[in-house]
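*Asks:* Okay, predicted coordinates and the sequence, questions at the end:
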Amino acid sequence: MSRNRRQIFGDAIVVAAGLAGFGETARASDVAGCRSTPVPTTASPALRARIAGPDNPSWKLKPASADEWHAIVNAAAAGSEKNIAAWSAKYGIAIREDTIGGVRVFWLSPQTLLHRNRRRIVLNFHGGAYVYAPGRSGLEDAILVARAGFRVVCPDYRMAPDHPYPAAIDDAEVVWRQLVKENPPKRLAVCGTSTGGGMTLALIHRLKAKKLPLPGAIWAGTPWSDLTKTGDSYWTNELVDKALVGYDGILGAAAELYAAGHNMHNPELSPVYGEFAGFPPTHLTTGTRDLFLSNTVRVQRKLLDAGVPTELTVIEAMSHADYVGLPEAPESHQVYNDVAKFFDHYLAA
């Protein structure tokens, strides 16, 4: 990666050396205030290299204006759009822009689509703390879901600072309503990573409240299920997670920006506080170094208590959403293979 470029993987922002004064070969122990943890031998070589590399130095940023937010987001998007072009070509994923109910969306189709998946659609929400990954820059996770053998639609939902809550979830509902007009809901899945995982859970809460049809299955990858700093791993994995690093910086600022004064315990903002009875079968993913580990396992507990069919994949030594940023790592293949098997089991063919 060049030294003057940013890339965003889900919510994981990798900031180049020239921007923050860190060399590309810096280690976590070189960054003032960060905890130094050993690189585990139990992770793959790709993941070990990620762990040995620099932390995300942008985690402490607290933009003071909409212009500052836009500058950070646009710089990050430029790097991600390069990934989209390279990955779509490498994995044979066709991307088509469209609108659904007035919401801009992207359709992603793999060159090889299994017969049983031809009438299945996966609705994917991108990550980015309700601020990052506009347009095509939000398609990294969607490309990897498509690589697993599914036709995917990814909304370019509205985001803060221009469009705070409830803009994103409103757009999600609009797209869902149109999809179920044209497709049996049990052939549809909903998924996302990080903020996208949180939106997946939040959308189900809204659909239940409005008595609208529910999807056949969902996947919430390391979901941002609690916008408040609640849960053990916000502390135990602080300065250990290479991507998010900690809450008390740009992550917490983004939570306040999107919530815009609304109660963050509202299940449409922090879905872990909702009622999970009646949820569709749910697959969850996290990692042992993930700042959102507690966000994920707290959701799993509520799903289990509600009697919802639930599976949880926990990846050894993985920080937040590393499976998106390391698409060729065996851990990434494990995550998306687990999701594909789960969807294949529960979606109507």
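*Replies:* Okay, I see it. Small disclaimer: the values here were computed from a predicted structure and weren't measured.
*Asks:* show me where pLDDT drops low in this structure?
*Replies:* 1-35 (pLDDT under 70).
*Asks:* One more pass at 90, please.
*Replies:* For the chain, the stretches with pLDDT under 90 are 1-37, 57-58, 79, 112, 114, 349.
*Asks:* Which helix runs longest in it?
*Replies:* Identified as the longest helix of the chain according to DSSP state H is helix 66-91.
*Asks:* for it, packing partners?
*Replies:* strand 6-9, strand 93-100, helix 140-147 (3 or more Cβ pairs under 8 Å, 6 or more residues apart in numbering; DSSP states H and E). From N, CA and C alone the C-beta is placed, and that goes for glycine too.
*Asks:* which parts of it are buried?
*Replies:* 69, 72-73, 75-77, 79-81, 83-84, 87-88, 91 (16 or more other Cβ atoms under 10 Å).
*Asks:* If the most centrally placed residue in the chain is in a bridge, with which residues?
*Replies:* Closest residue to the average C-alpha location of the chain: Thr193 at 2.0 Å, with Cα atoms, centre = their mean. Beta bridges link Thr193 to Gly221, judged by DSSP bridges.
*Asks:* Surely it touches Thr222?
*Replies:* Yes - the pair Thr193 / Thr222 is scored as a contact, 6.3 Å apart, by Cβ atoms under 8 Å.
*Asks:* hmm, back to that, make JSON lines out of the buried residues of helix 66-91 and add distance to Ile121.
*Replies:* Below are those laid out as JSON lines (distance: Cβ to Cβ, whole Å):
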{"residue": "Trp69", "distance to Ile121": "32"}
{"residue": "Ile72", "distance to Ile121": "33"}
{"residue": "Val73", "distance to Ile121": "28"}
{"residue": "Ala75", "distance to Ile121": "33"}
{"residue": "Ala76", "distance to Ile121": "28"}
{"residue": "Ala77", "distance to Ile121": "26"}
{"residue": "Gly79", "distance to Ile121": "29"}
{"residue": "Ser80", "distance to Ile121": "23"}
{"residue": "Glu81", "distance to Ile121": "24"}
{"residue": "Asn83", "distance to Ile121": "23"}
{"residue": "Ile84", "distance to Ile121": "20"}
{"residue": "Trp87", "distance to Ile121": "20"}
{"residue": "Ser88", "distance to Ile121": "18"}
{"residue": "Tyr91", "distance to Ile121": "18"}
